[in-house]
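A.B. asks: The sequence isn't on hand, but the structure is:
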């Protein structure tokens with residue numbers, strides 16, 4: 001899916017991801033919740049920060065290959081180069097009032113997913129996220 005980088009399209013993107021996840025019967029409720037949280041965080045961050053001069057677009061790709069027992073999400077944009085993996089994790093041992101603003105959402109993404117990689121290639125930011133699926137809900 002290629003769509004304008006605007007939060008007004010968040011539900012459209014979430015609906016697209018939901019339809020893709022429904023193609024894999026091994027994707028549990030817990031997997032779905034985590035993946036949708038990630039989509040919200042990553043799509044929202046790209047909308048808010050990738051394009052500063054003019055509106056841009058985001059490509060969202062979802063692979064739900066059940067034989068691989070994983071879901072692969074790829075977010076691609078042509079905005080300002082930014083590797084979210086280089087951000088330091090927030091110190092969650094501090095009280096909320098003493099923590100720096102920002103970074104908690106990406107921290108949650110890193111902890112909810114099994115693998116995350118970033119590359120800047122041919123003028124594009126490409127963030128690839130993998131979640132192993134099918135484990136029983138607790």
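C.D. replies: Received, thanks. Given the structure is predicted, the values throughout are model-derived calculations rather than measurements.
A.B. asks: For residue 6, which non-adjacent residue is closest in space?
C.D. replies: Spatial nearest neighbour of residue 6, excluding adjacent residues (Cβ to Cβ, 6 or more residues apart in numbering): residue 47 at 5.8 Å. C-betas here are computed from N, CA, C, even on glycine.
A.B. asks: Sticking with residue 81, tell me its helix or strand.
C.D. replies: Assigned by DSSP states H and E, residue 81 belongs to no helix or strand.
A.B. asks: which residue sits closest to it, ignoring its sequence neighbours?
C.D. replies: Per Cβ to Cβ, 6+ apart, closest to residue 81 is residue 120, 4.9 Å.
A.B. asks: For the lowest-mean-pLDDT helix or strand in the chain, buried residues please.
C.D. replies: The weakest-scoring helix or strand in the chain, judged by mean pLDDT, DSSP states H and E, is helix 104-112 (a mean of 80). Neighbour-count burial for helix 104-112, counted by 16 or more other Cβ atoms under 10 Å, picks out 105-107, 109-110, 112.
A.B. asks: just curious, which of these is nearest to residue 29?
C.D. replies: Closest approach between the buried residues of helix 104-112 and residue 29, by Cβ to Cβ: residue 112, at 13.9 Å.
A.B. asks: sec struct for the closest residue to the closest one other than its chain neighbours, please.
C.D. replies: Excluding the flanking residues, the one nearest residue 112 by Cβ to Cβ, 6+ apart is residue 34, at 4.3 Å. At residue 34 the chain is in helix, as set by DSSP: H, G, I helix; E, B strand; the rest coil.
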